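> Sharing a model prediction with you, sequence too.
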Amino acid sequence: MIHVKICGITNHEDAQAAVDAGADALGFVFYPPSPRHVLPEQVAQIIQRLPPFVTTVGLFVDVALETVNDLAARCGLDRIQLHGNETPAFCGQVKQPVIKAFRMKNAESLGQLPGYRVSAYLLDAYVEGALPGGTGAPFPWALAVRAKAYGPVILAGGLTPDNVEAAIEQTRPYGVDVSSGVESAPGIKDHRKIREFVTRARAVALEKGIS
């Protein structure tokens, strides 16, 4: 089974569309510069209306530890995704399981991973000048294959309904993460694209026996 996360959720309608399509996890961006930024009150309201067994993930960038733990408790987040310069020690003090994001520039970028003991490594593309928390650009997928030696890998960066099958077939990751690739505008999801993304991800995983 391939795990599918729809990130950058900003409203209940998009959250419900992702759940109805079969997404395993929803991501909420607590990073004000992002066009997908949401307030804690919004996230709490959305999460309260979700059905059981949907994993909720909060995305943070270089936020104080106390803030991360407080917002996780207030909103009901299941996982914390860190996209900044958080240290291994910082990750170890987060109360929820941590997904640590790394921007892949080249093979040397993989050298960061072994120092972190986290629940999963999310790999995104390195794009000069891009905001942390999602670039919308792909990176060489061969790096994701190598990263699996360190633990579960979540593939992100430029995924769309059109390339998710090839991405999964080539890397066989633990999961895939998409945001801009299923949007009609920044922060507004295209429900048809969400359904297509999840359907294609599931189909190729089933066809190739990926688990």
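Cool, got the structure.
> With adjacent residues omitted, what lies nearest to residue 24?
residue 3 (4.7 Å; C-beta to C-beta, 6 or more residues apart in numbering). To be clear about C-beta, it is placed using only N, CA and C from the backbone, and glycine gets the same treatment.
> That neighbour - how many residues pack around it?
18 (other C-beta atoms under 10 Å).
> Would you mind measuring from it to residue 82?
In this structure, residue 3 lies at 18 Å from residue 82, with C-beta to C-beta, to the nearest Å as the measure.
> what do you get for residue 90?
From residue 90 over to residue 82 (counting by C-beta to C-beta), the distance is 8 Å.
> More neighbours: the two, which one.
When residue 90 and residue 82 are compared for neighbours, residue 82 comes out ahead with 26 against 18, by other C-beta under 10 Å.
> tell me which element the nearest residue to that one once chain neighbours are set aside falls in.
The spatially closest residue to residue 82, leaving aside those adjacent along the chain, is residue 100, at 5.4 Å (C-beta to C-beta, 6+ apart). Secondary-structure element containing residue 100, defined by DSSP states H and E: strand 98-104.
> can you pull the contacts of the residue nearest to residue 24?
Residues near residue 3 by C-beta atoms under 8 Å, 6 or more residues apart in numbering: 24, 25, 154, 174, 175, 176.
> Mind listing the residues bridging to the second one?
When bridges are assigned using DSSP bridges, the partners listed for residue 25 are residue 5, residue 55.
> quick one, what contacts it?
Taking C-beta under 8 Å, 6+ apart as the definition, contacts of residue 25 comprise 3, 4, 5, 6, 54, 55, 56, 57, 79, 175.
> any idea how far it is from residue 108?
Taken as C-beta to C-beta, the spacing of residue 25 relative to residue 108 amounts to 29 Å.
> swap in residue 197?
Shown here: residue 197 relative to residue 108, a distance of 31 Å by C-beta to C-beta.
> more crowded one of these two?
Regarding residue 197 and residue 108, a neighbour count based on other C-beta under 10 Å identifies residue 197 as having more, with 26 against 8.
> For that one, which non-adjacent residue is spatially closest?
Leaving out its chain neighbours, the residue that sits closest to residue 197 by C-beta to C-beta, 6+ apart is residue 161, at 4.6 Å.
> show me what contacts residue 167?
Residues touching residue 167, when contacts are defined by C-beta under 8 Å, 6+ apart, comprise 141, 155, 159, 173, 176.
> what pairs with the residue most central in space within the chain across the strands?
The residue at the geometric middle of the chain, judged as the C-alpha nearest the mean C-alpha position with C-alpha atoms, centre = their mean, is residue 177 (4.4 Å). Under the criterion DSSP bridges, residue 177 forms beta bridges with residue 5.
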